[in-house]
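A.B. asks: I'll drop the sequence and a predicted model, then ask my questions.
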Amino acid sequence: MHITRAANVAISSALHLRHHALGVLCLCLLSGMNSASQLIGTELPSALLIPQEKLLQQQRQHYRQARDTLRKRQMINYRKHRDRLHGYPLAVHLDYYELSRRLHRLPHQDVDHFLSTHADSYLATRLRKRWLFTLAKRQRWQDYLTYYSAALSSTELTCHQLNARLHTGDLTALSEVEPLWNVKNSQPDECTPVFNQWIAQGKLSSDVAWQRFYKAINATETSLAKYVNKHLSTEDRHYAALILDLRYYPHHIRKRGDYAEQSAKMQQVISYGIGRYARKDVLSALSQWHKYDAQQLFDDALRQVTQQKLLAQLVRRHQHQAAQNWLKQMPEVNSEQLVEALIRDALRQQAWEEVYAGINRLSADAQKSSRWLYWRARSQQTLKLSDPTRPTPKQTFTQLAQGRGYYSFLAADRLKSQYSLGDNPVTPSPERVLEIARLPAAQRARELLAVGEINPARREWLTVTKQLDEEGHLAAAKLAHQWGWHRKTIQSLAAVKQWDDLQMRFPLAYNRQVLKVAQQQRVSPPLLFAIARQESAFAADAKSPAGALGLMQLMPSTARYTARKAGVRYRKHDLLTPETNITLGSHYINELLTQFDGNRILASAAYNAGPSRVKKWLSNTDKQLDHDIWVEIIPFKETRKYVQNILSYSVIYGYRMGRELPLLTEKELHQRL
């Protein structure tokens, strides 16, 4: 294949982010195309030939106008702009939107054509789902079965499929209803017709009804439990009434005479009641459990569940001695989360023997993690414990210090040795990068980014990456990095566990804005980079389920307060603008640093969980703990991991900026928390 020198230069430029049309034009150039007429598939007089970049900009403008006129149902104007987009990657998106608007007319041929022509796009799956809902609404059951695919993985569509089979005479569908009905949560309304028919046909047994009742009540789905109660047998309604009473009055479990019956369902009632009562008064619940356990012949699995409920509440209520005594009576705790909670409770008490013993109760894989290797060595060192079956603390710290991360940096600090950064760039072949760039879904993703449609771009990119091998993921990461799509770069590297390319995993994104506000606020730039990397992986449009927005994930209320205090003009949608978000985020972290005497451990914990919680945690420990213990016992797993990442990412961003930064400053290192 002959490639002109001009085309060669354009491809090279695309690989270094100097050519904005990589999605569409890369394919054109690789095919030897050197004119706009070839790109759009029509013959143009030579006088009308225009530069490829200008053509692409015109197509983007026509796409935007077509999209806007379609939303306004201005179909004549829409068609005028759509007709100018032959060969443009996003034309399929317009076709999808236009066809979706008229599905109610049942355009079978158009749907079939779209599904077959664009099978490589996620839009085909979306259209199939919308089409199926339309067919179900119109009760076109035979058509529904023709288009249905189990791969769609939708409870609503599965229920419609069962209903369609019943309407077309396939009564075997009734045998597939129970798994959908017997769940702890309410199912969608689309399932109601098939559930009603299943029940009317006498397929709901009393045992299955009880199973769902018990699942629902344990999941605190009380309304669902009350609904299921109507389908229980007369005998089972007696047990359900006891449980519902304990739901609201858990102390009634002390009336042991009411629960003296020896039966499996009564034991479930007792287990539920003990668990509820433990939330109110764990020591009294423990006492009641001993009496019930002596009275009833509990199933081993139910006994273990109940015991672990009690143990969890003992730990949560900081009943340290009772928890340890109770633990000794339990032959096995199969909850890794609970064992870790016990270890952290022992750390809070600085009960090092119990820390060491608790780590030995963990699974073999958990014991090999950097977290528990570090704490085993710490407990051995503190206890001056010599264990010939284990490495010495120094040996463990030396092993850990060869890695990169929070516990590795802690270990290096204990050895007073340098950090190991292990920066090894990945090197996918340029040919594989170009191969990914030429994929239709990649071209669509690139253009969607260019026109500001981020969520559709993510869906197209998922189409690109979901079938890739390891080298393909590395090539995709490189391509996304060249596009400045840092979150996707990080995700592609994580998908194949490639952790050592620090240039791509820790980009100096929005460098100009970060350095500007860091200087203004006198905040460490690596700290700001670390927060943005942890919060959003540099996705400027990031929105959390809780409502936090933007690069540094600020809650609108926090941003409003910070803006007012800092004298910065602010509107809610400004949080999705990088410069505004970084400015307000830096003001807020600076305020927290001031509030917590410059301590980044406390400030970062407050950034994630709120300053009032951090103050409460500090009051609980009364400045008696070393920094590493305090971080390890942060009650919220998310906040614990957050603080550890902010500290370690700051070290890495120091390296990226050519500076050697410690994990902790001298002041942070020696401050008791």
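C.D. replies: Noted; the coordinates are in hand.
A.B. asks: When you work out contacts or count neighbours from here on, use the C-alpha atoms and nothing else.
C.D. replies: OK.
A.B. asks: contacting residues around His486?
C.D. replies: Ala480, Met504, Arg505, Pro507, Ala537, Phe538, Ala539 (C-alpha atoms under 8 Å, 6 or more residues apart in numbering).
A.B. asks: Buried residues, stretch 281-296. List them.
C.D. replies: For stretch 281-296, a neighbour-count test (16 or more other C-alpha atoms under 10 Å) marks Asp281, Val282, Leu283, Ala285, Leu286, Gln288, Trp289, Tyr292, Gln296 as buried.
A.B. asks: if we can go back for a sec, tell me the most packed of the contacts of His486, by neighbour count.
C.D. replies: Phe538 (27 neighbours; other C-alpha atoms under 10 Å).
A.B. asks: so what's that one closest to, chain neighbours aside?
C.D. replies: Nearest residue to Phe538, sequence neighbours excluded (C-alpha to C-alpha, 6 or more residues apart in numbering): Leu551, at 5.5 Å.
A.B. asks: Need phi/psi at the residue nearest to Leu554 when sequence neighbours are not counted.
C.D. replies: Using C-alpha to C-alpha, 6+ apart and skipping residues adjacent in sequence, the residue nearest Leu554 is Ala548, 4.9 Å away. Main-chain dihedrals, Ala548, degrees, to the nearest 10: phi -70, psi 150.
A.B. asks: residues contacting Ala548?
C.D. replies: Contacts of Ala548 by C-alpha under 8 Å, 6+ apart are Ala542, Leu554, Met555, Pro556.
A.B. asks: thinking again about what came up before, hang on, the residue nearest to Phe538 packs against Asp541?
C.D. replies: Yes - contact status for Leu551 versus Asp541: in contact at 7.2 Å, counting by C-alpha atoms under 8 Å.
A.B. asks: joint contacts of those two?
C.D. replies: The overlap between the contact sets of Leu551 and Asp541 (C-alpha under 8 Å, 6+ apart) consists of Leu576.
A.B. asks: who's more crowded, these two?
C.D. replies: Comparing Leu551 with Asp541 by other C-alpha under 10 Å, the one with more neighbours is Leu551, at 30 against 18.
A.B. asks: For that one, give me the pLDDT.
C.D. replies: Looking at Leu551, its pLDDT is 94.
A.B. asks: for the one 3 residues further on, same thing?
C.D. replies: pLDDT, Leu554: 93.
A.B. asks: What of the one 5 residues further on?
C.D. replies: Confidence per residue is given as pLDDT, and for Ala559 that number is 92.
A.B. asks: Now, the buried residues of stretch 281-296 that are in helices?
C.D. replies: Val282, Leu283, Ala285, Leu286, Gln288, Trp289, Tyr292 (DSSP state H).
A.B. asks: can you redo those residues as CSV with pLDDT and distance to Ala150?
C.D. replies: Shown next, in CSV, are those (pLDDT from 0 to 100; distance: C-alpha to C-alpha, whole Å):
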residue, pLDDT, distance to Ala150
Val282, 92, 47
Leu283, 93, 50
Ala285, 94, 47
Leu286, 91, 48
Gln288, 94, 49
Trp289, 93, 46
Tyr292, 94, 47
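A.B. asks: Out of the residues you listed, which is nearest to Ile490?
C.D. replies: Within those, the smallest distance to Ile490 is 44.5 Å, found for Val282 (C-alpha to C-alpha).
A.B. asks: what about Gln491, neighbour count?
C.D. replies: Other residues close to Gln491 by other C-alpha under 10 Å number 17.
A.B. asks: which ones are touching Leu592?
C.D. replies: Ala603, Ala606, Tyr607, Pro611.
A.B. asks: picking that back up, right, and the pair among the contacts of His486 with maximum separation?
C.D. replies: Met504 and Ala539 (14.4 Å).
A.B. asks: Going by neighbour count, which of the contacts of Ala548 comes out on top?
C.D. replies: Top of the contacts of Ala548 by neighbour count (other C-alpha under 10 Å): Leu554, with 26 neighbours.
A.B. asks: Distance from the chain centre to stretch 535-555, please.
C.D. replies: 13 Å (C-alpha atoms, centre = their mean, to the nearest Å).
A.B. asks: Please enumerate the helices of the stretch 301-450 of the chain.
C.D. replies: Using DSSP state H, counting those that start in this stretch, the helices found in the stretch 301-450 of the chain span residues 320-329, 336-349, 352-361, 364-367, 370-383, 393-401, 406-415, 430-438, 440-450.
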